[in-house]
Structures are given as C-alpha cells and as structure tokens.
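A.B. asks: Give the three-dimensional model of this entry:
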Amino acid sequence: MKKLLIVSALLAVSASTALAQSGVNLSWSDCGGFGAHNVTFACNTSTGAGFGMVASFAAPGPLDAFLGMSGQLDLRSQTTQLPDWWSHGTGFCRGTTALSASFDFSTGVNCLDPWLGQAVGGYLYQVGGSPSPGGLAGPDRANLLVQCAIPLGTEGPLDADVEFYGVRFNITRAKTTGAGNCTGCTVPVCVVLNEIQLFQPDALNNNPKISTPLVSNFLTWQASPGVDCPAATPTHKSSWGQVKSLYR
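C.D. replies: Residues are numbered from 1 along each chain as shown. The predicted structure is shown next:
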C-alpha cells in the first residue's frame with residue numbers, strides 16, 4: 001500500500017514541483033520558493049504561533065527503494081556568543097521543548113510528501129558547533145543534525161528532480177519575555193542547510209548526498225535585506241546503519 005501511495009503522488013506532480021536539477025532548499029514556513037527567506041519577530045511575547053524551518057530536497061536520480069534521510073545544518077549568530085534564545089538542550093536556557101522536529105507533511109500542498117505519515121526520526125542540537133573532525137566550532141555557533149526513516153519493508157520509489165518535503169523544525173516563542181526569559185531573540189542569526197543524504201537498502205549501494213541549492217540552502221532570522229550567511233560547516237559522513245538505529 002505504501003508503494004502505491006508514493007507512485008500515485010508522483011503521478012500528480014504539478015509544474016510547480018517539477019525541477020530541472022537536484023538540490024536542497026531551506027525556507028521559513030514552507031518548502032523552497034513557497035516559503036520566506038527571512039523572519040522578523042518583535043520578541044515581545046512568549047505565546048502564539050511558533051516558527052518553522054522547512055528543509056526540502058530533489059533527488060539526483062530516481063530512487064527505487066527510498067527509506068530515509070539525514071541532514072546537517074549550522075547556525076551562526078551575528079554576536080560573538082550564541083544568544084541564550086538559540087541555546088536549546090538540557091542545561092541551556094531554552095531547554096528541551098522549544099525546538100522540535102516534525103516529518104508530518106500531510107497538510108503540505110506545494111511540495112510532495114515522501115513520508116506519508118510513517119516517518120520516525122530525531123535530531124541532535126549542539127550548542128557551540130560541531131565537535132567532529134574538520135567541523136567548524138565556536139561560541140557563536142550551533143550544529144543541528146537530523147535523521148528519519150520509514151519502517152523497513154515499506155520503502156518505495158522516488159522520482160528525480162521533484163521537490164519533496166524533508167523535515168520541519170518547529171521553534172516556539174517560549175521564554176522570550178517574562179521571568180526566566182532567554183535573551184538575544186532580536187540578534188540576527190543565519191541557518192545553513194549543508195547537506196541532505198538519502199538512504200536506500202544497503203544492497204543497492206546508492207545513498208546520494210545533495211548539497212547544491214535549488215532556490216536557497218540558507219535562511220536568516222532578524223536579518224537586514226541582502227544579508228548573506230557565514231560559511232557553512234563541512235558535511236558529516238552518515239550511513240544507513242545510523243538511520244536504522246532509530247528503530248533500536
């Protein structure tokens with residue numbers, strides 16, 4: 001049933017999602033050119049709708065048995081120290097609930113949903129940047145790694161050069177104001193999507209990495225018009241074995 005659903009979705013591809021190349025996009029609210037490049041927030045409330053960073057991709061060739069993906073993003077603030085507002089995780093100001101990852105695109109209309117509600121995944125947010133060899137670390141940085149997969153046995157085909165939703169990172173307004181608030185919400189921040197890797201069963205030996213921007217592989221927070229992102233961090237090597245570990 002899963003394969004039939006994916007094939008049916010591909011038959012419904014519109015001109016707006018058919019592309020001439022593979023690549024990645026990162027935008028606010030929606031995929032690629034349907035989303036926004038920059039968000040400004042007055043930082044005057046801790047309630048209300050949050051903000052969603054949407055990573056999407058187009059595969060470099062048809063995939064016969066798509067199973068999952070990994071992605072690697074970097075954040076860098078315009079200050080010498082990453083603001084508390086962007087410090088997520090245990091022991092940090094924003095804690096473990098102000099940032100989450102979602103693979104549910106059942107209401108998405110502008111790009112195609114490769115998960116169909118069955119993806120399981122998680123993320124790792126590292127304040128201070130990447131500790132891996134060759135990675136760029138620093139007090140003004142954070143690194144965001146994500147992985148997700150569908151259940152083994154439900155893999156199906158993906159067409160090439162069609163934009164698919166990958167992951168949505170949801171950022172709440174919690175602790176922006178009031179007692180115990182996290183400072184630095186107004187500080188400009190840049191987020192770069194360095195790479196998405198797509199996974200198939202090991203026997204196929206075809207797990208392509210995608211890093212070429214389609215529209216844009218970066219977005220900004222509180223930035224002035226025309227501001228570009230800092231240099232991206234070198235990509236991290238992943239394997240389908242790491243994605244399978246989500247089921248253990």
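
A.B. asks: gap between Cys190 and Ala160?
C.D. replies: Distance, Cys190 to Ala160, by CB to CB, to the nearest Å: 30 Å. C-beta coordinates here come from the backbone N, C-alpha and C atoms, glycine included.

A.B. asks: Name the residue in those two with the higher neighbour count.
C.D. replies: Cys190 (20 against 13; other CB atoms under 10 Å).

A.B. asks: The more buried one reaches Thr220, doesn't it?
C.D. replies: Yes. If you go by CB atoms under 8 Å, Cys190 and Thr220 touch, sitting 5.5 Å apart.

A.B. asks: What part of this structure, helix or strand, is modelled with the least confidence?
C.D. replies: None of the helices or strands of the chain scores lower by mean pLDDT, DSSP states H and E than helix 2-11, at a mean of 35.

A.B. asks: which residues in the chain form strands?
C.D. replies: 23-28, 38-39, 51-58, 63-66, 68-77, 99-102, 120-129, 137-149, 156-158, 163-171, 189-199, 209-210, 218-221 (DSSP state E).

A.B. asks: centre of the chain versus the first one, how much separation?
C.D. replies: Taking the mean of its C-alpha atoms, strand 23-28 sits 8 Å from the chain's own mean (CA atoms, centre = their mean, to the nearest Å).

A.B. asks: And the contacts of it?
C.D. replies: Outside strand 23-28, the residues that touch it by CB atoms under 8 Å, 6 or more residues apart in numbering are 31-39, 51-58, 73, 163, 191-193, 195-196, 210-219.

A.B. asks: quick one: average confidence on that strand?
C.D. replies: In this model, strand 23-28 carries a mean pLDDT of 97.

A.B. asks: what do you get for the third one?
C.D. replies: Per-residue pLDDT over strand 51-58 has a mean of 98.

A.B. asks: Mind telling me which residue is nearest the centre of this protein?
C.D. replies: Nearest residue to the geometric centre of the chain (CA atoms, centre = their mean): Ala55, 4.0 Å.

A.B. asks: measure it to Thr97 for me?
C.D. replies: For Ala55, the distance to Thr97 - CB to CB - is 21 Å.

A.B. asks: ok, now Thr177?
C.D. replies: On the measure of CB to CB, Thr177 and Thr97 end up 17 Å apart.

A.B. asks: neighbour count winner among the two?
C.D. replies: Each of Thr177 and Thr97 has its neighbours counted (other CB under 10 Å); Thr177 has more, 15 against 10.

A.B. asks: Hmm, Gly48 and the more buried one touching each other?
C.D. replies: No. Using CB under 8 Å, Thr177 is not in contact with Gly48, being 11.2 Å away.

A.B. asks: Now do the closest residue to Asn217 other than its chain neighbours: how many residues are near it, please.
C.D. replies: Distance criterion CB to CB, 6 or more residues apart in numbering; nearest residue to Asn217, sequence neighbours excluded, is Leu193 at 4.7 Å. Using other CB under 10 Å, Leu193 has 29 neighbouring residues.

A.B. asks: Output the below-cut-off pLDDT ranges for the chain.
C.D. replies: For the chain, applying pLDDT under 70 flags the ranges 1-20, 130-136, 225-248.

A.B. asks: how about a cut-off of 90?
C.D. replies: Within the chain, the stretches with pLDDT under 90 are 1-21, 61, 108, 129-138, 161, 223-248.

A.B. asks: what's the distance between the residue in it sticking out farthest from the centre and Ser46?
C.D. replies: Distance from the C-alpha centroid of the chain, by CA atoms, centre = their mean, peaks at Ala179 (30.8 Å). Distance from Ala179 to Ser46, counting by CB to CB: 10 Å.
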